[in-house]
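> okay, predicted coordinates and the sequence, questions at the end:
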Amino acid sequence: MSDDLSPAATPLSARIEAPRLEPGLYLVSTPIGAARDITLRALDVLNSADLLAAEDTRVLRHLMDIHGVPLRGRRIVAYHDHNADRQRPAILSALAEGLSVAYASDAGTPLVADPGYRLGRDATGAGHRVHAVPGASAALAALTVSALPSDRFLFAGFPPTAKGARRDWLSRWAGVDATIILFESPRRVKETLGILCESEPDRVMVICRELTKKFEQVMHGTVTELVQMIPDEGLRGEIVLVLDRPAPVIAGDDDIQAALLARLDRMSVKDAAREVAEELNMPRRDVYQIALSIERNGE
């Protein structure tokens, strides 16, 4: 996180003691790079919560120091992958006592590819209020700058590290009719694009590196073009990949007839035409006319 906001420039709302928060778990979004990207509400929550929890206590303490938010004797509890099962009962106990708890991930929105998911689930299951404090998100920032369709998108997280499992995982998600957003290790980006090249070398995608930071880089192109731009040792920094939705498959007459013939012996013409039209993403009227022709000709 860049230290681009000095305590002297801190908003007044963050420097004074804010009113006590209502009891509950507050999921606080933090900057993914530029420290100025934190929201005023997030600063108020960090200033007022009875208990602070963080994926990395040093990162949260540094962010609070930048913005002049004092601890005033409060603790910052570490909550991460390696201690979540041990720490979760203590946080839930604090909520049961009527305290307000603010949880912040290292960067971005909590519960998106971080260990906060089970904390939010268990807090909700125990009847505690869970509040979102919206803010930065690497996935949405990447989608914003990608210039790819944003009306339907899917965040798929991190691919598996094993090459075989990663190939199966990419094949499954790349076939979804949506813009796909995924995180990847900078060292494995070239290998991941190489796997995509095997099946979809002309698929359009975007590589986003170090979003909102000093050395931000956004690379557009086909999978083939981009894999050639990446050095063998990979890239540096935080990486988000955005994959364009797959090109529509245009079915030929033979495909339509084969799909109808497989159904007409067990379905009505109307139902067969409806099902095939949905499967092949074609106008139902056109498919219905082909189905009628098959039935008339006794094929």
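The structure has been received and is ready for your questions. Keep in mind the model is a prediction, meaning the values are calculated, not measured. Numbering: from 1, shown residues only.
> was I right to think V69 contacts S48?
No - counting by Cβ atoms under 8 Å, V69 stays clear of S48, with 9.6 Å between them. Where C-beta positions appear, they are placed from N, C-alpha and C, glycine not excepted.
> of those two, who's got more company?
V69 (25 against 17; other Cβ atoms under 10 Å).
> residue contacts, G120?
By Cβ atoms under 8 Å, 6 or more residues apart in numbering, the contact set of G120 is 25, 27, 110-111, 130.
> with respect to R88, which of the residues you listed is nearest?
L25 (11.1 Å; Cβ to Cβ).
> so what pLDDT did that closest one get?
pLDDT, L25: 98.
> quick one: what helix or strand has it in it?
Assessed by DSSP states H and E, L25 sits inside strand 24-28.
> helices or strands next to that strand in the packing?
helix 40-48, helix 84-96, strand 100-104, helix 116-125, strand 130-133 (3 or more Cβ pairs under 8 Å, 6 or more residues apart in numbering; DSSP states H and E).
> strands paired with the one helix or strand V242 maps to, and their directions?
Assigned by DSSP H and E, V242 belongs to strand 239-243. In the sheet, strand 239-243 lines up against strand 179-184 (antiparallel), strand 204-209 (antiparallel) (DSSP bridges).
> returning to what we had before: TSV for the helices and strands packed on strand 24-28, including mean pLDDT and distance to D56?
Shown next, in TSV, are these (pLDDT from 0 to 100; distance: least, Cβ to Cβ, whole Å):
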stretch	mean pLDDT	distance to D56
helix 40-48	96	15
helix 84-96	95	13
strand 100-104	97	9
helix 116-125	92	13
strand 130-133	97	18
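> which one, of those, ends up nearest to R274?
helix 116-125 (39.0 Å).
> report the buried residues of that closest one.
116, 119-120, 122-123 (16 or more other Cβ atoms under 10 Å).
> TSV for those, including distance to V59?
Output for the buried residues of helix 116-125, formatted as TSV (distance: Cβ to Cβ, whole Å):
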residue	distance to V59
G116	14
L119	17
G120	20
D122	23
A123	22
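> out of those residues, which is nearest to G194?
G116 (32.8 Å).
> and the closest one, how far is that from Y103?
6 Å (Cβ to Cβ, to the nearest Å).
> mind listing the shared neighbours of these two?
With Cβ under 8 Å, 6+ apart, G116 and Y103 have common neighbours 27, 79, 110.
> what about A113, how many residues close to it?
Neighbours of A113 using other Cβ under 10 Å come to 17.
> quick check: pLDDT value at the residue lying closest to it once chain neighbours are set aside.
In this structure, A113 finds its nearest non-sequential neighbour in G157, 5.4 Å apart by Cβ to Cβ, 6 or more residues apart in numbering. On pLDDT, G157 comes in at 94.
> for the strand or helix carrying G194, list every residue counted as buried.
Element membership of G194 [criterion: DSSP H and E] is helix 189-199. Buried residues in helix 189-199, defined by neighbour count with 16+ other Cβ under 10 Å: 189-193, 195-197.
> same check, this time on stretch 270-279
Buried-residue list, stretch 270-279, by 16+ other Cβ under 10 Å: 272-277.
> and those residues, which is closest to P134?
Distances from P134 to the buried residues of stretch 270-279, taken by Cβ to Cβ, are shortest for A277, at 40.1 Å.
> secondary structure of the closest one: a helix, I assume?
Yes - applying DSSP: H, G, I helix; E, B strand; the rest coil, one finds A277 inside a helix.
> does it really touch Q289, like I thought?
No - using Cβ under 8 Å, A277 makes no contact with Q289, being 11.0 Å away.
> on that earlier part again, what number of residues are in the vicinity of the residue nearest to A113?
Neighbours of G157 (other Cβ under 10 Å): 14.
> report the secondary structure state of the residue positioned nearest the centre of the chain.
For the chain, the residue nearest the mean C-alpha position is F155 (3.9 Å; Cα atoms, centre = their mean). Secondary structure, three-state DSSP: F155 is strand.
> and it, what are its bridge partners?
Under the criterion used (DSSP bridges), F155 bridges to I181.
> could you check how far it is from I294?
Counting by Cβ to Cβ - F155 and I294 are separated by 43 Å.
> same check, this time on A262
In terms of Cβ to Cβ, A262 sits 11 Å off from I294.
> got it, and M64?
Taken as Cβ to Cβ, the span from M64 to I294 is 70 Å.
> so these two - more neighbours on which side?
A count of neighbours by other Cβ under 10 Å puts M64 above the other of M64 and I294, at 21 against 17.
> does the more buried one sit in a helix, a strand or a coil?
helix.
> how is the chain divided into domains?
By the assignment in automatic domain parsing, the chain contains the domains 7-136, 139-243, 253-297.
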